[in-house]
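Student: Fold the following.
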Amino acid sequence: MRYVGGKGRIAKVVAETIRARTLAETIYEPFLGGGAMTAALAPHFDEVLAGDGHEDIALMWQAVLSGWVPPAVTYERYQELRYATEPSAERGFAGAGGSFGGRWFEGFARGGFNANGEPRNHQAESVRAVLRDRDNMMRGRVHVFHKDYRAWPLDCGEPSAIYCDPPYAASARAKRYAVGFDSAEFWEWAETQSESHDVFVSEYEAPPRWGAVWEGTKRQSLVIGSGTREMRTERLFIFQGKDAR
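Tutor: Take a look at the predicted model:
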């Protein structure tokens, strides 16, 4: 699905890197977002426990995994959902999948042409992307929850893997869409969890004692055909000294 910070183009290699560095068979993903990483992780682990602090996004993925197919929302429906006060699966899809650049209700996505010259239908593209990720998620056992990352019960008896894709500290967009997110608090939490679990964090940069085990570049916009899209280096970090159990 269109989503700010989405990992669609690098999800496969990141998932393979995680699988190669942990013996855990259960993986937690507290920042589910657009679902690309959940879909990539699902075939590699016995169980994926994914969640998001954004209730609409969590409701959407719960509904999709239960068989719901999101509609390609019209502009009129998009506006209705934009000002709705009740969280819903449809609102979760429209807010990201129906928006320009995947940015939460920042404008109805429209414009542009396909390779054959036909006008693009951005909402229909997002529906197809969601269903592709759903099919990959169903290759494994994926469970979705509405939870803040700090609420996960990670004091379980056996070591697990944890993959985190938090709002990036250096990203102005992330700060707009995750108001109040405390990066310093997150890294403290991640370090604490590293005492018992294999913790992997996607970010541009990390605090001291975290080392990159993978890095790659990707464009920072979902706008197709623009030669001005910024390139940034994404990295996957683990706490220094950690190794696969």
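Student: Helices of the chain, residue ranges please.
Tutor: 11-20, 36-41, 55-65, 75-82, 89-97, 122-137, 172-177, 183-193 (DSSP state H).
Student: Need the winner for burial among these.
Tutor: The highest average neighbour count among the helices of the chain, using mean count of other Cβ atoms under 10 Å, belongs to helix 36-41 at a mean of 27. All C-beta spots, glycine's among them, are computed from the backbone N, C-alpha and C.
Student: How far away from the center of its chain is that helix?
Tutor: From the chain centre to the centre of helix 36-41 is a distance of 8 Å (Cα atoms, centre = their mean, to the nearest Å).
Student: which other helices and strands contact it?
Tutor: helix 11-20, strand 26-29, strand 47-52, helix 122-137 (3 or more Cβ pairs under 8 Å, 6 or more residues apart in numbering; DSSP states H and E).
Student: Tell me which of the ones you listed sits nearest to Ala84.
Tutor: helix 122-137 (17.0 Å; Cβ to Cβ).
Student: how near is the residue nearest to the spatial centre of the chain to Asp165?
Tutor: Ranked by distance to the mean C-alpha position of the chain (Cα atoms, centre = their mean), the top residue is Gly33 at 3.4 Å. Distance of Gly33 to Asp165, given as Cβ to Cβ, to the nearest Å: 7 Å.
Student: what does Gly102 give?
Tutor: 14 Å.
Student: one step back: and the helices of the chain, which one is worst for confidence?
Tutor: When the helices of the chain are ranked by mean pLDDT, helix 172-177 comes last with a mean of 49.
Student: was I right about Phe93 contacting Val73?
Tutor: Yes - if you go by Cβ atoms under 8 Å, Phe93 and Val73 touch, sitting 7.3 Å apart.
Student: quick one: the residue of the chain positioned farthest from its centre and Gln240, what's the gap?
Tutor: Within the chain, the residue lying farthest from the chain centre (Cα atoms, centre = their mean) is Gly117, at 31.0 Å. Using Cβ to Cβ, one obtains 52 Å as the distance from Gly117 to Gln240.
Student: Kindly report the same for Arg132.
Tutor: Per Cβ to Cβ, Arg132 is found 36 Å from Gln240.
Student: Same question for Asp52.
Tutor: 28 Å.
Student: between the two, which one's more packed in?
Tutor: Asp52 (26 against 11; other Cβ atoms under 10 Å).
Student: Quick check: beta-bridge partners of the more buried one?
Tutor: His146 (DSSP bridges).
Student: Just list the residues touching it, thanks.
Tutor: Counting by Cβ atoms under 8 Å, 6 or more residues apart in numbering, Asp52 touches Pro30, Phe31, Leu32, Gly33, Ala58, Trp61, Val144, His146, Lys147.
Student: what's the answer for Val64, then?
Tutor: Neighbour list for Val64: Pro70, Ala89, Val130, Leu131, Arg134 [criterion: Cβ under 8 Å, 6+ apart].
Student: can you redo those as TSV with distance to Glu185?
Tutor: Listed next are the contacts of Val64 as TSV, based on distance: Cβ to Cβ, whole Å:
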residue	distance to Glu185
Pro70	33
Ala89	29
Val130	31
Leu131	35
Arg134	32
